[in-house]
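Visitor: Have a look at this prediction, sequence included:
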Amino acid sequence: MSASNSPDPNKLDPLFMYSQLLKEILLETQYNEEARKEFIRFLRVHGENTIKLSSIDTFEQDYDKQSPIWWYTKESFIYSVLNKALRTQNIETIIKMGFFVQDLHRQIKEIYLQTHEKTKQTLYRGQGISKIEFEKIKQSQGGLWAFNNFLSTSTDRDVSLAFAESVESDPDLIGILFQMEIDPFVSSTVFGSLNGTAYYSEENEILFSMHTVFRIGEIVQINDQLWQVNLALTNDNDEQLKSLTDYVRTEFANDFKHHQLGMLLRRIDKLDQAEEFFKGMLESTVEKNLEETADLHSQLGGIKYSQGHSSEALAQFQSALNIREKVLKPTDLELAKTYSSIGTAYCMMANYTSALAYHEKALKIREEILPPIHSDLGIAYTNLGVVHHRIGDYQTALSYSEKALDIKEKTLPLNHPSLAITYHNIGRLHELMKDHFMALAYYEKTLMIEEKSLPPTHSSLGVTYSSIGAAYLTLENYSDALLYFEKALSNYQNSLLPNHPNLAATYNNMGTLYKSMKNYSTALLHHENALEIQQTSLPSIHPAFAKTFFHIGEVYYSMENYSTALLYYAKAFEIQAKSLPSSHPDFALFFDKIKLVRRTLGFREETITCAE
C-alpha cells in the first residue's frame with residue numbers, strides 16, 4: 001500500500017511510480033521456459049525455510065496443468081512469496097517472478113474483458129496492518145491510497161470481517177475492514193471474479209491486478225483494535241507523479257526495449273542488480289549489433305560511476321566510444337552522450353583538463369543539432385558547471401548551473417530528479433561563496449523534489465542530507481547538523497558500497513562537526529575513516545585527500561599539537577598543488593594556515609614549495 005508522506009492528500013509515494021514502471025516492463029517482456037526454471041533455481045537457493053521442497057517440485061512439474069489464478073489462490077508459497085516481495089519492494093524476487101506476474105495479470109484481464117459488469121458494486125477486504133501504516137491512512141483521509149500488489153477482495157462482508165478480526169490477538173496490529181465502492185465507469189483498473197478459477201471458491205473472491213488507486217472516505221472505529229475504512233475506486237491520480245512517470249517512459253524509450261529493466265534498476269539505485277543484468281546481456285550469445293554493444297558498455301559505465309569506481313567507468317565509456325566513433329556520424333547525439341559520460345568519469349578522477357575537453361565536445365554537438373531549449377543542453381551545462389566548481393571557478397560554475405536550471409525548468413516535470421541535481425549544485429556554490437542561508441534554501445528545494453521522485457533509500461537523498469548538515473554546521477546549529485549527517489550515513493549504509501567517496505565526504509563533515517564541539521578524539525576518528533575509504537577508492541593525488549589531510553590538520557591545530565598540524569597542512573598543500581590550478585580558493589586557505597603554524601612554532605619566513 002502506498003500514500004505519500006506529503007501533507008497534500010492527492011500525492012502518492014514515488015515507489016508507486018517505480019513499481020508501476022516495473023510492472024509495465026514485466027508485462028511486455030517475452031518469457032520462455034528458462035524464466036520459470038530460473039525462478040525455481042532461485043527458490044531452491046533463497047527460498048525461506050517455510051517453503052517445502054516438495055511444493056517447489058509440484059509447481060515446477062505441474063505449472064502448465066493449472067491456471068495462474070489457481071496457483072495464486074492455492075495454499076502454497078506463490079501467494080506469500082509474491083505478495084511479500086510486492087509489499088517490501090524486493091525487486092530481485094519480483095523480477096524472478098516476472099513470468100508469473102505476467103501470466104496472472106493476463107488471466108485477470110481476460111476475465112475482466114469477458115465478464116465486466118457495468119454496474120456499481122461494494123467489495124470488502126479484511127487484513128491486519130501496523131499502527132504506523134494505520135496512522136498514514138488516517139492522515140491521508142480524503143486523499144489517494146494505492147495498492148501496489150494484487151488485491152484480493154470479497155463480495156461477502158462477513159468473510160472479510162473475519163479476516164480483520166483474526167488479528168485482534170496481536171497488540172502490534174490493527175484490524176482493518178476495507179469497504180470498497182467500485183464504479184466501473186471511473187477507472188480502467190482490471191479485476192475479475194474468481195468463481196470457477198480459484199483453488200477455493202467459497203469466499204466470493206474478486207481479484208484486482210496491481211496498482212489499484214482509491215480515494216479514502218470515512219474511517220469508522222468498530223472497537224479498540226478494529227476499524228472500517230471506506231474506499232472508492234478512482235481514476236484520479238497524483239498529477240505531478242503522473243507527469244514524471246510519463247516523462248520517464250520517454251527516457252526509457254530507446255532503440256533497445258529489452259534494456260529497460262536494467263535502466264529502471266539503475267534509476268532506483270539497484271546498482272548490483274543492474275550490473276548483473278547488463279553484464280548478462282553483454283556476455284550473452286544472442287546476436288547483437290555494434291550499437292547495442294556500445295549501449296551495454298555505456299550502461300555498465302554509468303553503473304560503475306554511480307558505485308564510485310571512476311577508472312572502471314572510464315574503461316566502459318571508452319569501449320562505447322570506440323564503437324560509436326566507427327559507426328555514427330560525428331554529430332550524432334549518442335556520441336555527445338558518450339563524450340559527456342567520459343567527462344564525468346574524468347571529473348570524478350580529478351582530471352579536470354580532460355573532463356572540460358570532453359564536456360565541451362559534447363556541448364558543441366548538442367548546440368549544433370538541438371534547439372536552444374532542450375533538456376540535453378541542460379545536462380551539458382550542468383556538467384560544465386560541476387567541473388568549474390571543482391577547479392574553484394565558482395562564478396563560472398554558477399553561470400553554467402543557472403543556464404542549466406533555466407532550461408530544465410522549461411523542459412522537465414517539476415519533480416524530475418535532474419532538477420534536484422541542479423538545485424543542489426547551485427546550493428553548494430552559494431555555500432562555497434559564504435551565502436549559507438541561500439545554500440540551505442536550495443538544498444531544501446532539492447530535498448523536496450527527491451522525496452517526491454526517488455525511493456526513500458536512494459543515495460541522492462544521502463548526498464542532500466549531508467549537504468544540509470554541512471550548511472547547519474556552518475551556521476553553528478550543531479544539533480541539526482548531527483541529525484542530518486546521521487541521516488546521510490544511515491542512507492549510505494543501505495545504498496552505497498562501503499568504500500564509496502560520498503561516504504568519506506560525510507565522515508569528514510562529521511569530523512568537522514565534532515571538532516567544532518571540541519570532541520577531538522571523535523573528530524579524528526571520523527577523518528581517519530574518511531581517509532581509509534579514500535585510500536581504497538581514489539587516485540593518490542585526488543584533491544579529496546587534500547581536504548581530509550587539511551581537516552586532520554585542523555583538529556591537531558585545535559589540540560595545540562602544532563607540529564603534527566603542520567605536517568598534515570603540508571600534505572594537503574602538496575596534493576592541492578598537484579591536482580588543482582593555483583587559482584583555486586583553497587590554495588590561499590592552506591597557504592595561510594601553514595604560515596600561521598610556522599609562526600606559532602617560531603619558524604622564520606620562507607617560500608613554501610611543493611615536491612614535483
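Guide: Perfect, thanks for sending it.
Visitor: Can you tell me how far Ile373 is from Leu419?
Guide: Between Ile373 and Leu419 the computed distance is 15 Å (Cβ to Cβ, to the nearest Å). (Each C-beta comes from the backbone N, C-alpha and C, glycine too.)
Visitor: More neighbours: the two, which one.
Guide: For Ile373 against Leu419, the residue with the higher neighbour count under other Cβ atoms under 10 Å is Leu419, and the figures read 23 against 12.
Visitor: Contacts only, for that one.
Guide: With contact set as Cβ atoms under 8 Å, 6 or more residues apart in numbering, Leu419 has these partners: 405, 408-409, 412, 449.
Visitor: where's it, which helix or strand?
Guide: When secondary structure is defined by DSSP states H and E, Leu419 falls within helix 417-432.
Visitor: Any chance of a ChimeraX selection covering the buried ones in the contacts of Leu419?
Guide: Remark: buried members of those, expressed as a ChimeraX selection using 16 or more other Cβ atoms under 10 Å:
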select :405,408,412,449
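Visitor: can I assume Trp71 sits in a strand?
Guide: No: when classified by DSSP: H, G, I helix; E, B strand; the rest coil, Trp71 is found to be helix rather than part of a strand.
Visitor: Now do the residue lying closest to it once chain neighbours are set aside, the pLDDT please.
Guide: With sequence-adjacent residues excluded and distances taken as Cβ to Cβ, 6 or more residues apart in numbering, Trp71 is closest to Ile78, at 5.1 Å. Per-residue confidence for Ile78 comes out at a pLDDT of 90.
Visitor: doesn't Ile69 make contact with Ile78?
Guide: No: between Ile78 and Ile69 no contact is recorded; they are 10.6 Å apart, counting by Cβ atoms under 8 Å.
Visitor: can you dump the C-alpha coordinates of stretch 530-542 into CSV?
Guide: Included here for stretch 530-542 are C-alpha records, laid out as CSV according to Å, rounded to 0.1, in the frame of the first residue of the first chain:
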residue,chain,number,x,y,z
ALA,A,530,37.3,9.1,5.5
LEU,A,531,41.0,8.7,4.7
GLU,A,532,40.7,4.9,4.8
ILE,A,533,37.8,5.0,2.3
GLN,A,534,39.6,7.4,0.0
GLN,A,535,42.8,5.3,0.0
THR,A,536,40.7,2.4,-1.5
SER,A,537,38.6,4.4,-3.9
LEU,A,538,40.5,7.4,-5.3
PRO,A,539,43.8,8.2,-7.1
SER,A,540,46.5,9.2,-4.7
ILE,A,541,46.7,12.8,-5.7
HIS,A,542,42.9,13.4,-5.7
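Visitor: CA atoms of the helix holding Leu419 as CSV?
Guide: Listed in CSV are the C-alpha atoms of helix 417-432, where the atom choice follows Å, rounded to 0.1, in the frame of the first residue of the first chain:
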residue,chain,number,x,y,z
PRO,A,417,15.4,14.3,-10.2
SER,A,418,17.6,16.2,-12.7
LEU,A,419,16.2,19.4,-11.5
ALA,A,420,17.1,18.4,-8.0
ILE,A,421,20.7,17.9,-9.1
THR,A,422,20.9,21.4,-10.4
TYR,A,423,19.3,22.9,-7.3
HIS,A,424,21.8,21.0,-5.2
ASN,A,425,24.8,22.2,-7.4
ILE,A,426,23.6,25.9,-7.1
GLY,A,427,23.2,25.4,-3.3
ARG,A,428,26.7,24.1,-3.0
LEU,A,429,28.1,27.0,-4.9
HIS,A,430,26.3,29.5,-2.7
GLU,A,431,27.7,27.7,0.3
LEU,A,432,31.3,27.9,-1.0
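Visitor: How far off centre is it?
Guide: 18 Å (Cα atoms, centre = their mean, to the nearest Å).
Visitor: again with stretch 76-90
Guide: When distances are taken as Cα atoms, centre = their mean, stretch 76-90 is centred 22 Å away from the chain's centroid.
Visitor: what stretches of the stretch 151-300 of the chain score poorly on pLDDT?
Guide: Counting by pLDDT under 70, the ranges of the stretch 151-300 of the chain that qualify are 196-203, 255, 285.
Visitor: ok, which stretches of it are helices?
Guide: Listed in chain order, the helices found in the stretch 151-300 of the chain under DSSP state H, counting those that start in this stretch are 157-165, 239-252, 260-267, 271-283, 290-306.
Visitor: Kindly report the same for the stretch 451-600 of the chain.
Guide: Secondary structure of the stretch 451-600 of the chain (DSSP H, counting those that start in this stretch): helices at 459-474, 478-495, 501-516, 520-537, 543-558, 562-579, 585-600.
Visitor: what is the rounded mean pLDDT of stretch 110-123?
Guide: In this model, stretch 110-123 has a mean pLDDT of 85.
Visitor: what's next to it, contact-wise?
Guide: Stretch 110-123 is contacted from outside by 153-155, 179-185, 190-193, 197, 206, using Cβ under 8 Å, 6+ apart.
Visitor: one more time with 6 Å, if that's ok
Guide: Counting by Cβ atoms under 6 Å, 6 or more residues apart in numbering, the neighbours of stretch 110-123 from elsewhere in the structure are 153, 180-184, 190, 192, 206.
Visitor: for these, which one is nearest Arg366?
Guide: Arg366 lies nearest to Val190 out of those, by Cβ to Cβ, at 42.3 Å.
Visitor: Lys109 is in contact with the closest one, correct?
Guide: Yes: applying Cβ atoms under 6 Å, one finds Val190 in contact with Lys109, separated by 4.8 Å.
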